[in-house]
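Asks: Structure for the following, please:
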Amino acid sequence: MVTLKETSKILAFLVFVLSVGCAPTLDSPSSNNGASEASAPATTETASSAPVSVGDTIATGNFVGVAKQKAPTTGSASIQESDSGALLLVFDDAFSTPDGPDLKVILYRGDEVPAAIEEADYITVAPIQSFTGSQQYRLPDDVDLSAFGAIGIWCRQFNVTFGSATLQR
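Replies: Numbers count the residues shown, from 1 in each chain. Okay, the predicted model is just below:
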């Protein structure tokens with residue numbers, strides 16, 4: 001049986017996580033660095049370190065904040081086909097998200113990414129390259145875009161979604 005003291009500790013922790021979000025760490029990306037290294041073998045983390053020439057736009061979306069953050073995630077994202085046929089996830093110059101540890105860019109199976117997500121509902125594209133500005137991520141060659149309705153910025157460490165963009169095709 002859970003005591004009142006244990007319940008109070010659990011509630012205090014949940015309030016802290018939801019109100020503060022994921023605090024920055026020393027190994028978080030800075031606002032002007034390049035691609036991060038892949039960290040989990042079961043994901044498809046393929047950041048593009050250099051801009052690639054893009055062709056047709058397949059889908060677009062505008063970021064909105066999800067978790068109660070000091071500042072919401074803003075900007076736009078698009079999925080584009082490169083001249084070579086590769087699919088790229090592109091964030092515009094106006095992209096901005098609060099910094100935090102272990103932030104990942106994800107493709108989510110639903111149209112709206114909830115504050116906390118289940119493992120079966122997403123794939124990881126890559127660790128976030130930067131908290132602000134334009135960036136590109138190469139999507140896996142075998143990704144079925146019809147299975148995903150949104151892009152998310154997600155803190156894996158605390159399972160907290162910072163922002164999402166519903167894809168419009």
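
Asks: just checking, F162 touches D102?
Replies: No: F162 sits out of contact with D102 when judged by CB atoms under 8 Å, with a separation of 11.3 Å. In this view, the C-beta of every residue, glycine as well, is placed from N, C-alpha and C.

Asks: Show me where this structure has its strands.
Replies: Listed in chain order, the strands of the chain (DSSP state E) span 54-65, 76-82, 87-91, 103-108, 122-127, 135-138, 150-155, 160-166.

Asks: Just list what the shortest one packs against, helices and strands only.
Replies: Strand 135-138 sits against strand 87-91, with contacts defined as 3 or more CB pairs under 8 Å, 6 or more residues apart in numbering; DSSP states H and E.

Asks: Show me what the strand it packs on is in contact with.
Replies: Outside strand 87-91, the residues that touch it by CB atoms under 8 Å, 6 or more residues apart in numbering are 48, 52, 54, 58, 75-82, 105, 107, 125, 133-139, 141, 143, 145, 151.

Asks: angle of that strand against strand 103-108?
Replies: 120 degrees (axes from the mean of the first three to the mean of the last three CA atoms, to 10 degrees).

Asks: Adjacent strands (with direction) for strand 87-91?
Replies: strand 76-82 (antiparallel), strand 135-138 (antiparallel) (DSSP bridges).

Asks: Please identify the deepest-packed of the ones you listed.
Replies: Looking across the strands paired with strand 87-91 with neighbours counted as mean count of other CB atoms under 10 Å, the highest average goes to strand 135-138: a mean of 22.

Asks: Restrict that strand to CA atoms and write it as PDB.
Replies: Extracted in PDB, the C-alpha atoms of strand 135-138 (Å, rounded to 0.1, in the frame of the first residue of the first chain):
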ATOM      1  CA  GLN A 135      18.100  22.000 -40.100                       C
ATOM      2  CA  GLN A 136      17.600  18.900 -42.200                       C
ATOM      3  CA  TYR A 137      17.200  15.200 -41.300                       C
ATOM      4  CA  ARG A 138      17.300  12.400 -43.800                       C
END
